[in-house]
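In: Only the shape, not the letters, is given here:
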């Protein structure tokens with residue numbers, strides 16, 4: 001009997017700090033959450049994808065009424081800390097060319113041509129936060145060409161091209 005009581009008391013003493021730790025985080029439920037203003041249509045900020053590296057705008061291009069805007073983020077330091085060889089993250093956001101409304105539904109894939117002229121096979125771009133992204137290993141100095149193939153919500157296939165030079 002004494003052993004059972006000692007075990008129960010030991011369990012309670014070990015669990016008590018965990019409850020205090022959770023309470024100190026001030027998770028007061030949904031009432032403490034602040035509402036974020038809605039992003040206006042056509043506002044192409046990509047704040048949520050920052051991994052701490054330098055971000056370069058690759059430009060905008062319009063094909064069949066859809067505008068694509070691409071950014072390349074240098075994530076080499078962050079990825080190296082995780083033991084990964086990829087050193088850039090390509091993000092592409094699509095919008096209606098006439099209205100500026102974001103297009104987040106569909107699929108996208110990327111082919112990369114390196115400075116030596118070698119082309120990769122298609123790499124699936126993951127949909128995330130209203131844009132499509134993929135991690136890349138751009139290890140050679142020189143010019144790279146990116147061809148983004150899409151089948152967006154309207155079912156049409158399109159190709160968008162961007163370029164970047166690794167210094």
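Out: Happy to help now that I have it. In this text, all values refer to a predicted model and were calculated from it rather than measured experimentally.

In: how's the protein carved up into domains?
Out: The record assigns the chain these domain ranges, following automatic domain parsing: 2-32, 47-166.

In: any idea which of those scores lowest on pLDDT?
Out: With a mean of 50, domain 2-32 has the lowest mean pLDDT of the domains of the chain.

In: Residue 167 reaches residue 142, doesn't it?
Out: No. Counting by CB atoms under 8 Å, residue 167 does not reach residue 142; the two are 9.3 Å apart. In this view, the C-beta of every residue, glycine as well, is placed from N, C-alpha and C.

In: more neighbours, these two?
Out: Taking other CB atoms under 10 Å, residue 167 and residue 142 do not tie; residue 142 has more neighbours (12 against 4).

In: who touches residue 114 in this structure?
Out: When contacts are counted by CB atoms under 8 Å, 6 or more residues apart in numbering, residue 114 touches 120, 138, 140, 142, 144.

In: Quick check: the gap between it and residue 78.
Out: Taking CB to CB, to the nearest Å as the measure, residue 114 falls 22 Å from residue 78.

In: cool, and residue 66?
Out: Distance from residue 66 to residue 78, by CB to CB: 31 Å.

In: And these two? Which one has more around it.
Out: Taking other CB under 10 Å, residue 66 and residue 78 do not tie; residue 66 has more neighbours (21 against 17).

In: in stretch 75-85, what counts as buried?
Out: 75-76, 78-79 (16 or more other CB atoms under 10 Å).
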